[in-house]
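**Student:** pasting a predicted model and its sequence here:
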Amino acid sequence: EVLNGVKTLLTTEPPASRVWVFLVSTDSFGAVSPVVRGYTPPSQGVFAYKLNQARRQLSEAFETKAVGFSPNSSGTDIIGGLWRAKIALESDPALARVPKDIYILSDGINDTANFNMSVLAASGAANMLSEARAKGLLVPLGPCYRIHFYAAATTHLSPQTWNTVRTFWLLYLRASGAELVIYSPETTISRVK
């Protein structure tokens, strides 16, 4: 379902977009290379052939690589993934003020030795945010960033814990200067304008 969600995003990528797809692992910041990287050309009115071709190429490249994916990571470093996305999206200074959408398809549980939300959730969202700040894990994103969380797991979580995790990400992203557009357990993705 998550792989289909990524394909949906790639086949609906807006014109004139830069695209990076990363896997989330235990070290999303340093150990992960982009799965797919590309660009969609501007649309030329009704002549969208090149745009549609670029979308197909991105989707096909992802599908080819996704065949070899397996859940072999012992944790998820969502915060490291945000750092990695920030670096990729800000690699061109000319794009500093351009709106940036990050789609995260993950259970929402950052699970690393340095910040294990499964353990920290019992302390509440505000305490988890304080812990993230104290450990220097707050990614300075800014108002150009819009974050979309999909596939936020409900499995093995009580409703209270799920809400605590969602509230943490809302507080975390607000403190980072970014906007949390959606936090959903759904894997069916629709682009928000």
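**Tutor:** Now that the structure is in, tell me what you want to look at.

**Student:** use CA for all of it now, contacts and neighbours both
**Tutor:** Fine.

**Student:** which pLDDT value goes with the residue nearest to the spatial centre of the chain?
**Tutor:** By CA atoms, centre = their mean, the chain has its centre lying nearest to I104, at 2.6 Å. What the model reports as pLDDT for I104 is 91.

**Student:** now it: how far from T40?
**Tutor:** According to CA to CA, to the nearest Å, I104 and T40 sit 20 Å apart.

**Student:** over to I87?
**Tutor:** Note on I87: its distance to T40, by CA to CA, is 20 Å.

**Student:** looking at the two, which one has more neighbours?
**Tutor:** T40 (21 against 12; other CA atoms under 10 Å).

**Student:** in this protein, where is pLDDT below threshold?
**Tutor:** 26-32, 70-74, 192-193 (pLDDT under 70).

**Student:** that one: strands as residue ranges?
**Tutor:** Taking DSSP state E as the criterion, the chain carries its strands at 17-21, 36-40, 100-105, 145-150, 179-183.

**Student:** only alpha carbons, please: show the last one as PDB.
**Tutor:** Provided in PDB are the C-alpha atoms of strand 179-183 (Å, rounded to 0.1, in the frame of the first residue of the first chain):
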ATOM      1  CA  GLU A 179       3.000  23.200   8.600                       C
ATOM      2  CA  LEU A 180       1.500  19.800   9.300                       C
ATOM      3  CA  VAL A 181      -1.000  19.500   6.400                       C
ATOM      4  CA  ILE A 182      -2.300  16.000   7.200                       C
ATOM      5  CA  TYR A 183      -1.600  13.200   9.700                       C
END
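
**Student:** which other residues reach it?
**Tutor:** If you take CA atoms under 8 Å, 6 or more residues apart in numbering as the criterion, strand 179-183 is touched by 143, 145-150, 152, 166, 169-170, 173-174.

**Student:** those: which two are farthest apart?
**Tutor:** By the measure CA to CA, the contacts of strand 179-183 have their two most distant members at P143 and A152, which lie 23.0 Å apart.

**Student:** give me the more crowded residue out of the two.
**Tutor:** Ranked by neighbour count (other CA under 10 Å), P143 and A152 place A152 first, with 20 against 16.

**Student:** who are the contact partners of the more buried one?
**Tutor:** Contacts here follow CA under 8 Å, 6+ apart; on that basis A152 touches 105-108, 183-186.

**Student:** please repeat the previous calculation with a cut-off of 6 Å.
**Tutor:** Contacts for A152 (CA atoms under 6 Å, 6 or more residues apart in numbering) come out as 106-108, 184-185.

**Student:** would you mind giving those residues as CSV with distance to G45 and neighbour count added?
**Tutor:** Putting the contacts of A152 into CSV (distance: CA to CA, whole Å; neighbours: other CA atoms under 10 Å) gives the following:
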residue, distance to G45, neighbour count
S106, 35, 19
D107, 39, 19
G108, 38, 25
S184, 34, 19
P185, 36, 18
